[in-house]
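# Any chance you could fold what I've pasted below:
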Amino acid sequence: MMIYGSLFGVFDSCLTIAAAMTCRNPFISSFDNRDAADEAKKTFAADDHLAILLAFHQWSQLKRTDGRKSRAFLRENYLSYQSLSNIVQLRNQLKRYMKDIGFVAYMKDIGFVASSLEKDLIGGNELSLIRAVISAAMYPNVIVAPKKFSTTAGEVAFRGQKGEVYLHPSTIAFSAKELDSRYCCYHEIMKTSKVYVRDCTTVSKFSLLLFGGALKVYQSKGVVAVDEWLKFRCDAKPATLVKYLRQSMEALLLEKIMDPSIDIAASLKGKAVIDSVASLLQMETK
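Okay, here's the model as predicted:
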């Protein structure tokens, strides 16, 4: 049953991120408090999407247990009550839609408070799965950092599919001197004096291999390519195993889409594939 708890924690968290991407950013700042607001945001996570997720999660807990502390939490962290409330409403709508189409067979109370399962499940293992879902949702919005940089991430050019891009100053990683991964998924791209991307989250190479574009294995060269532009060095045997795992996962997903009532996690094959994907993603973060 542990797999169900983990999946529900990830499911609830991804609903929150999806809702937040549609609503106004809950972190608010003005010219006078911009630096303090930026520092507050960094206390939650090193990535934009995860910072919003964890801020929302903590606020939800406080709002349910102590209204005074929840209001203080908003003030201290420069968070907008209205934006968080909008995330709540959209999150609940998305949850109902998923239930109505039968994609989720059973769900607990769909009020704004995070489910009891989610309370204890936003940990390192679950975050690796959440990052993987983000990579699947955002692809092909991917940029690649230089292998090394002596300044901050905001001062170096990243490689995008169509050329050089830069992190927008509003991103958490802008002032970072190192990143968890060279690969980042972003939500928005804009062009002013430079081409900037906003709302970034680092993702692992295995996330891109499993959930990115068309996968091709060049066994003689020891290279695996995603859409012919993201290329990773990988020996022939593990590359073939990754390709097989991806094919198995896509087959299960198609089966679920064709018949949402099927509980793919209950079958031996489904559980084996899910456990393998989770183990692969978690192993890369260690």
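
# Please tell me how far the spatially closest residue to residue 169 that is not a sequence neighbour sits from residue 171.
Leaving out its chain neighbours, the residue that sits closest to residue 169 by CB to CB, 6 or more residues apart in numbering is residue 154, at 6.4 Å. Backbone N, C-alpha and C define where each C-beta goes, glycine included. Note on residue 154: its distance to residue 171, by CB to CB, to the nearest Å, is 8 Å.

# Can you pick out the residue with more neighbours from those two?
Ranked by neighbour count (other CB atoms under 10 Å), residue 154 and residue 171 place residue 171 first, with 24 against 15.

# Please verify my assumption that residue 24 contacts residue 84.
No. With contacts counted by CB atoms under 8 Å, residue 24 stays clear of residue 84, the gap being 10.1 Å.

# How are the helices of this structure distributed by residue range?
Listed in chain order, the helices of the chain (DSSP state H) span 2-22, 34-42, 48-65, 67-76, 81-100, 116-119, 124-138, 205-211, 236-258, 268-285.

# that older thread, tell me the contacts of the residue nearest to residue 169?
Residue 154 sits next to 166, 167, 169, 171, 173, 174, 175 when contact means CB atoms under 8 Å, 6 or more residues apart in numbering.

# Likewise for residue 103?
256, 260.

# One more pass at 6 Å, please.
Applying CB atoms under 6 Å, 6 or more residues apart in numbering, we find residue 103 in contact with residue 260.

# and the gap between it and residue 231?
Applying CB to CB to residue 103 and residue 231 gives a distance of 34 Å.

# cool, and residue 10?
29 Å.

# Neighbour count for these two, which is higher?
Between residue 10 and residue 231, counted using other CB under 10 Å, residue 10 has the larger neighbour count: 23 against 14.

# ok, now how distant is that one from residue 131?
10 Å.

# any idea how this protein splits into domains?
The chain breaks down by automatic domain parsing into domains covering 2-138, 142-203, 207-285.

# worst average pLDDT in these?
For the domains of the chain, mean pLDDT drops lowest on domain 2-138, to a mean of 81.

# need the contact list for the closest residue to residue 173 other than its chain neighbours.
Leaving aside its sequence neighbours, residue 173 sits nearest to residue 153 (CB to CB, 6+ apart; 5.0 Å). Applying CB under 6 Å, 6+ apart, we find residue 153 in contact with 167, 173, 176.

# gap between residue 153 and residue 195?
15 Å.

# And for this protein, the residue most distant from the center?
Farthest-out residue of the chain from its mean C-alpha position, per CA atoms, centre = their mean: residue 220, at 33.3 Å.

# residues touching residue 131, list them.
With CB under 6 Å, 6+ apart, residue 131 has these contacts: residue 203.

# how about a cut-off of 10 Å?
Residue 131 is in contact with 47, 49-50, 180-181, 185, 201-204, 207, 281, 285, counting by CB atoms under 10 Å, 6 or more residues apart in numbering.

# the more surrounded of residue 24 and residue 84?
residue 84 (21 against 12).

# Now do that one against residue 56, distance only.
6 Å.

# The closest residue to residue 280 other than its chain neighbours: neighbour count?
Spatial nearest neighbour of residue 280, excluding adjacent residues (CB to CB, 6+ apart): residue 206 at 5.5 Å. Other residues near residue 206 come to 22 when the count uses other CB under 10 Å.

# OK, contacts around residue 206?
Applying CB under 10 Å, 6+ apart to residue 206 gives the contacts 128, 132, 135, 232, 234, 242, 245, 277, 280-285.
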